[in-house]
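J.: Output the structure for:
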Amino acid sequence: MKKRVLLLGFAMIIGVLSACADQPQTSEEPKTYEGDFSYDIQDFEYKNQDGEMVSSEDLKGKFWVADFIFTNCTSACPPMTANMSKLQSELKKAGLNDKVRLVSFTMDPNHDSPKVLKDYAQKFDAEFTNWDLLTGYSQEEIKKLSIESFKAFLKRTEVQDPAEGQPDYNYVHSSSLYIVSPNGKAIKKYNGNTMDPSVVENMVKDLKEYIK
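T.: All right, here's what the predicted structure looks like:
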């Protein structure tokens with residue numbers, strides 16, 4: 001009798017172990033993307049040009065390209081925004097516009113309301129299907145995001161005797177365009193303050209390689 005009980009118990013243990021071994025593995029290591037660096041982007045939730053909230057959570061699972069601009073900027077920001085517009089157009093031609101988002105953070109949230117941002121972007125033929133221009137935060141918040149997440153310098157400076165119609169302040173800031181991976185890490189940057197077509201060409205090429 002004892003022998004039968006022992007054999008039955010042994011068979012039950014073997015059955016349980018077999019069942020465990022047959023269970024599919026549900027935990028997978030998150031995919032990593034090789035780049036020139038790997039900076040964690042902090043969580044955020046800001047308002048876009050249409051007054052809708054856009055968060056870092058909304059961007060997870062997709063590549064996105066980020067830059068820092070302000071609409072009163074007369075030097076680096078116009079070519080940066082023109083490059084973002086050109087990038088949007090080239091991504092559309094490549095069939096990648098639904099796989100890559102564009103995100104522009106204003107450095108001047110007190111001036112750049114959603115309407116101001118939308119009017120500005122429309123001058124560059126922006127389409128808002130996959131491009132968000134964000135505002136609705138404090139000056140300190142955007143400075144922290146720029147410096148801590150993108151390792152990009154950002155400082156407000158005073159302007160003596162500004163030109164007519166221009167504010168009495170300016171921003172010293174990064175003119176780079178950053179690729180951010182689906183797992184929320186900035187991995188590459190490109191010079192946005194140039195009209196050299198190779199910049200956008202290289203970005204599209206790199207994004208194609210990552211997405212394939």
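J.: can we go C-alpha only for contacts and neighbour counts from here?
T.: Noted.
J.: Mind checking what helix or strand follows the strand or helix carrying V54 in sequence?
T.: Assigned by DSSP states H and E, V54 belongs to strand 53-55. Using DSSP H and E, the helix or strand that follows strand 53-55 in sequence is helix 56-59.
J.: chain center to that next one: distance?
T.: Mean-position distance between helix 56-59 and its chain equals 9 Å (Cα atoms, centre = their mean, to the nearest Å).
J.: can I get the CA coordinates of it in PDB?
T.: The C-alpha trace of helix 56-59 is given here as PDB (Å, rounded to 0.1, in the frame of the first residue of the first chain):
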ATOM      1  CA  SER A  56       5.800  60.300 -22.800                       C
ATOM      2  CA  GLU A  57       3.500  57.300 -22.300                       C
ATOM      3  CA  ASP A  58       1.800  58.100 -25.600                       C
ATOM      4  CA  LEU A  59       5.100  57.900 -27.400                       C
END
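J.: Need the residues that contact that helix.
T.: Q42, D43, F44, E45, R101, P182, G184 (Cα atoms under 8 Å, 6 or more residues apart in numbering).
J.: quick one: the helices in this protein?
T.: 2-22, 56-59, 77-93, 114-122, 139-144, 150, 198-211 (DSSP state H).
J.: and these, which is most packed in?
T.: Comparing the helices of the chain on average neighbours per residue, with mean count of other Cα atoms under 10 Å, the densest one is helix 150 at a mean of 24.
J.: end to end, how far does stretch 42-51 reach?
T.: One end of stretch 42-51 to the other measures 21 Å (Cα to Cα, to the nearest Å).
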